[in-house]
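Student: What follows is a predicted protein model with its sequence.
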Amino acid sequence: MRLKSAESLEWLVAIGASAGGPMALDTLLSQLPKRFPAAVLVSQHVDAGFIPGLVAWLNRKSALPVRIAVSGDAPQPGTVLIAGRDAHLVFTAPNCLAYTCHPAESAYRPSVDVLFQSILQHWPGKVAAVLLTGMGRDGAEGLRSLKARGQYTIAQDQSSSAVYGMPKAAFELDAASEVLALDQIALHLGAAVTGSDLFFTSPVLHIN
């Protein structure tokens with residue numbers, strides 16, 4: 001029986017994206033190795049009808065299994081769960097995900113901010129939160145709240161963003177611990193989660 005360390009189980013990577021997000025997710029997830037020890041959650045602004053196709057496409061590129069989150073799911077290390085309904089994906093307890101229509105006034109369903117705030121409320125471990133390309137400001141306030149709690153936060157940089165809206169809002173709020181080009185985000189996540197940049201054997205890592 002293979003045992004996982006408590007340290008590996010306590011890390012959660014939460015990713016928010018909107019316009020341009022599917023391509024950005026393709027790049028990011030394809031660079032995470034199969035043994036990536038953190039659970040991964042994704043809130044992507046897209047009609048729920050497109051999510052099954054997105055999940056199937058990402059599964060062809062990602063070494064990690066990608067599937068639609070269902071109510072009652074518990075995040076699992078090395079698995080990517082994507083919000084798959086026209087509702088907000090949230091934590092209702094430290095290890096339980098669900099969907100909710102509240103707050104009803106949110107402009108987006110699923111909302112990145114709502115997910116991030118539920119993580120603040122319920123997740124007991126460490127968090128690496130990423131705000132990718134997208135229009136508007138969703139996720140910026142939640143990212144700032146996570147950073148204020150000492151969590152690791154990343155915003156995609158302008159040059160690699162298809163739409164520099166959400167990451168720009170995070171930058172303006174000083175919500176990001178780091179602002180990174182898309183092709184550097186996976187490397188920094190690996191270093192944060194494992195404590196070593198030697199974790200990766202992908203070509204994205206170059207060691208002199």
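Tutor: Sure thing, it's come through.
Student: Can you give me the buried ones in the helix or strand Leu54 falls within?
Tutor: Assigned by DSSP states H and E, Leu54 belongs to helix 51-61. For helix 51-61, the neighbour count (16 or more other Cβ atoms under 10 Å) marks 51, 54-55, 58 as buried. (C-beta placed from N, C-alpha, C; glycine too.)
Student: and what of stretch 66-84?
Tutor: Neighbour counts over stretch 66-84 (16+ other Cβ under 10 Å) mark 66, 68-69, 73, 75, 77-84 as buried.
Student: do the same with stretch 88-100
Tutor: Neighbour counts using 16+ other Cβ under 10 Å place 88-91, 95, 97-100 of stretch 88-100 among the buried residues.
Student: Using CSV, list the CA coordinates for that stretch.
Tutor: What follows is stretch 88-100, C-alpha atoms only, in CSV (Å, rounded to 0.1, in the frame of the first residue of the first chain):
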residue,chain,number,x,y,z
HIS,A,88,-20.3,28.2,-8.2
LEU,A,89,-18.0,25.4,-7.2
VAL,A,90,-17.3,25.8,-3.5
PHE,A,91,-16.0,24.0,-0.4
THR,A,92,-18.8,23.3,2.2
ALA,A,93,-16.4,21.6,4.6
PRO,A,94,-12.6,21.1,4.7
ASN,A,95,-12.7,18.2,2.3
CYS,A,96,-16.0,18.4,0.5
LEU,A,97,-17.0,20.3,-2.7
ALA,A,98,-20.4,21.3,-3.8
TYR,A,99,-22.2,23.6,-6.1
THR,A,100,-24.3,26.6,-5.1
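Student: which other residues reach that stretch?
Tutor: With Cβ atoms under 8 Å, 6 or more residues apart in numbering as the test, stretch 88-100 has contacts from 41, 43, 69-75, 81, 83, 85, 87, 101-102, 106, 109-111, 114-115, 118-119, 121-124.
Student: Now that stretch: average pLDDT?
Tutor: The predicted model assigns stretch 88-100 a mean pLDDT of 96.
Student: still on that earlier bit, closest to Ala129 among the buried residues of stretch 66-84?
Tutor: Using Cβ to Cβ, Pro75 comes nearest to Ala129 of these, at 13.6 Å.
Student: Could you measure from the residue nearest to Glu10 when sequence neighbours are not counted over to Ile119?
Tutor: Closest residue in space to Glu10, ignoring its immediate chain neighbours: Gly125 at 3.0 Å, by Cβ to Cβ, 6 or more residues apart in numbering. Distance check for Gly125 against Ile119: by Cβ to Cβ, to the nearest Å, it reads 10 Å.
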